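**Student:** sequence and predicted structure, then a few things I'm wondering about:
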Amino acid sequence: MKKKRVFSGVQPTGNLHLGNYLGAIDNFVNLQNKFECIYCVVDLHAITNHQDPKQLKSNILETVASFVASGLSTEKNIIFNQASVAAHSELAWIFNCVSRIGWMNRMTQFKEKAGSNKENASVGLLVYPNLMAADILIYKATHVPVGEDQKQHLELTRDIAKKFNNDFKCKDFFPIVEPLISKDIPRVMSLRNGKKKMSKSDDSDYSRINLKDDKDLINLKIKKATTDADSIPSEISGLKDRAEAKNLLSIYASINKTNLEKVLKDFGGKNFSTLKSSLSETIIEKICPIGKEITKLLQDEKYLTTILKKGTNKADLIAKENIKEIYNLIGLTKFT
Ligand code: AQP
């Protein structure tokens with residue numbers, strides 16, 4: 001039986017935060033023992049919004065350092081950056097020609113990210129899902145861990161694979177990728193606004209816990225986190241319309257690998273200052289060692305670039321073989 005292959009990526013758009021960790025990287029670490037995993041720093045996705053070139057370069061290394069510091073093995077997994085493997089861009093162009101404009105227009109993430117100024121958004125932001133489909137299918141990955149926000153893009157990847165297999169009469173050439181959805185993976189919300197997700201690009205640093213934040217800063221950010229005037233309920237129904245309260249309790253549950261019901265049983269009737277001090281303690285215990293390791297790894301740029309080179313070689317080998325077959329199927333020839 002063919003080994004199941006996982007692909008996932010993280011954009012080097014800034015310092016990784018608790019949302020990236022609990023929502024993605026912690027799960028990547030679990031998956032590395034069950035699947036063949038390819039973890040990519042998706043720098044080409046990052047430039048769909050303008051990035052400062054110097055900052056982008058250092059963010060790429062910092063993302064790799066964050067992967068390794070969080071426990072991703074450089075032996076078990078292929079870790080590399082997207083721009084190093086040209087076949088991602090080549091297949092993305094092909095998918096721009098397979099995918100339909102109507103499909104793109106339905107993508108809700110574009111609408112959210114472009115906001116009211118749609119006409120001024122980059123074309124790259126619009127066709128971002130085609131590049132994401134190329135990232136996955138260039139390796140014929142069979143499984144992708146996704147959060148709620150990426151489900152629609154994965155559905156599109158399945159549609160593109162089906163259309164390609166059908167248009168070029170190559171049944172089963174691209175696998176119909178399966179989402180790996182875990183109900184225990186939270187969507188971590190901003191510490192300032194429980195209706196907005198925790199995000200690297202949020203203007204307020206107080207909206208997120210960065211993996212490199214130190215003990216004092218974590219304490220301060222949690223202390224300042226928005227809550228409400230009521231005490232903590234004992235039942236989930238008591239969290240209706242209390243997004244900020246629910247967020248802090250969900251983070252606590254996730255980081256302690258338990259569930260919201262259990263946390264509400266323990267904290268029901270108590271005030272938020274009690275929850276906040278326990279929450280700070282657990283975050284510090286989990287995140288600070290990772291942050292220290294990131295800082296240490298960042299001092300050894302050579303080591304980080306060696307990881308990327310090694311990963312690139314492995315990824316490029318698979319991608320080159322597949323792009324050759326794809327060109328053949330389409331009738332394209334590289335006269336080299
Ligand atoms: N708040 C979050 N809660 C749970 N999961 C999250 N992820 C991101 N934010 C949260 C997951 O982390 C992985 C990598 O995300 P990404 O960096 O590629 O893109 P993003 O989702 O756009 O992350 P940010 O932090 O919000 O970046 P910016 O501000 O640049 O857009 C993904 O699996 C994502 O689901």
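**Tutor:** Happy to help now that I have it.
**Student:** pLDDT score for His151?
**Tutor:** Just so we're on the same page, residue 151 is Lys rather than His. Turning to Lys151, the model gives it a pLDDT of 89.
**Student:** partners of the nearest residue to it once chain neighbours are set aside in the sheet?
**Tutor:** In space, Lys151 comes closest to Pro179 once its chain neighbours are excluded; the distance is 6.6 Å by CB to CB, 6 or more residues apart in numbering. Bear in mind the C-beta positions are built from the backbone N, C-alpha and C, glycine included. Beta-bridge pairing for Pro179 (DSSP bridges): Val144.
**Student:** contacts only, for Pro179.
**Tutor:** Neighbouring residues of Pro179 by CB atoms under 8 Å, 6 or more residues apart in numbering: 143-146, 151, 154.
**Student:** helix or strand, whichever it is, which one in this protein has the lowest mean pLDDT?
**Tutor:** helix 108-114 (a mean of 90; mean pLDDT, DSSP states H and E).
**Student:** so what touches the helix or strand just after that helix?
**Tutor:** Remark: after helix 108-114, the chain's next helix or strand is helix 123-137, criterion DSSP states H and E. When contacts are defined by CB under 8 Å, 6+ apart, helix 123-137 is touched by residues 7, 9, 40, 42, 44-45, 47-49, 82, 88-92, 94-96, 99, 104, 107, 109-110, 113-114, 144, 153, 156-157, 160-161, 174-175, 177.
**Student:** picking that back up, next one: the residue nearest to Lys151 from the ligand, what distance?
**Tutor:** 12 Å (CB to the nearest ligand atom, to the nearest Å).
**Student:** show me which residues of the stretch 51-200 of the chain are close to the ligand?
**Tutor:** Selection of the stretch 51-200 of the chain residues close to the ligand by CB under 6 Å from any ligand atom yields 147, 149-150, 187-188, 197-200.
**Student:** I'd like these as JSON lines, with neighbour count appended.
**Tutor:** Formatted as JSON lines, these follow (neighbours: other CB atoms under 10 Å):
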{"residue": "Gly147", "neighbour count": "18"}
{"residue": "Asp149", "neighbour count": "13"}
{"residue": "Gln150", "neighbour count": "19"}
{"residue": "Arg187", "neighbour count": "14"}
{"residue": "Val188", "neighbour count": "24"}
{"residue": "Lys197", "neighbour count": "19"}
{"residue": "Met198", "neighbour count": "23"}
{"residue": "Ser199", "neighbour count": "17"}
{"residue": "Lys200", "neighbour count": "17"}
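**Student:** among those, which lie within strands?
**Tutor:** Among these, DSSP state E puts none in strands.
**Student:** still on that earlier bit, packing partners for the least confident helix or strand of the chain?
**Tutor:** Under the contact criterion of 3 or more CB pairs under 8 Å, 6 or more residues apart in numbering; DSSP states H and E, helix 108-114 touches helix 123-137, helix 151-167.
**Student:** so the longest one versus helix 123-137, what angle?
**Tutor:** With axes from the mean of the first three to the mean of the last three CA atoms, to 10 degrees as the basis, helix 151-167 and helix 123-137 are set at 70 degrees to each other.
**Student:** just the C-alphas of helix 151-167, formatted as CSV.
**Tutor:** As requested, the backbone C-alpha atoms of helix 151-167 are provided in CSV (Å, rounded to 0.1, in the frame of the first residue of the first chain):
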residue,chain,number,x,y,z
LYS,A,151,-11.7,24.0,3.9
GLN,A,152,-13.0,25.8,0.9
HIS,A,153,-9.5,26.0,-0.7
LEU,A,154,-9.1,22.3,-0.2
GLU,A,155,-12.4,21.6,-1.9
LEU,A,156,-11.1,23.7,-4.8
THR,A,157,-7.9,21.6,-4.9
ARG,A,158,-10.2,18.5,-5.2
ASP,A,159,-12.1,20.2,-8.1
ILE,A,160,-8.9,21.1,-9.9
ALA,A,161,-7.5,17.6,-9.6
LYS,A,162,-10.8,16.1,-10.9
LYS,A,163,-10.9,18.6,-13.8
PHE,A,164,-7.3,18.0,-14.8
ASN,A,165,-7.7,14.2,-14.6
ASN,A,166,-10.8,14.5,-16.7
ASP,A,167,-9.5,17.1,-19.3
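**Student:** so what does that helix touch, helix or strand wise?
**Tutor:** Here helix 151-167 touches helix 87-98, helix 108-114, helix 123-137, going by 3+ CB pairs under 8 Å, 6+ apart.
**Student:** re the thing from before, in the contacts of Pro179, find the pair that's most separated.
**Tutor:** Distance extremes for the contacts of Pro179: the farthest pair is His143 and Lys151 at 13.8 Å, using CB to CB.
**Student:** so for those two, which residue has more residues nearby?
**Tutor:** Applying other CB atoms under 10 Å to His143 and Lys151 shows that His143 carries more neighbours, namely 21 against 12.
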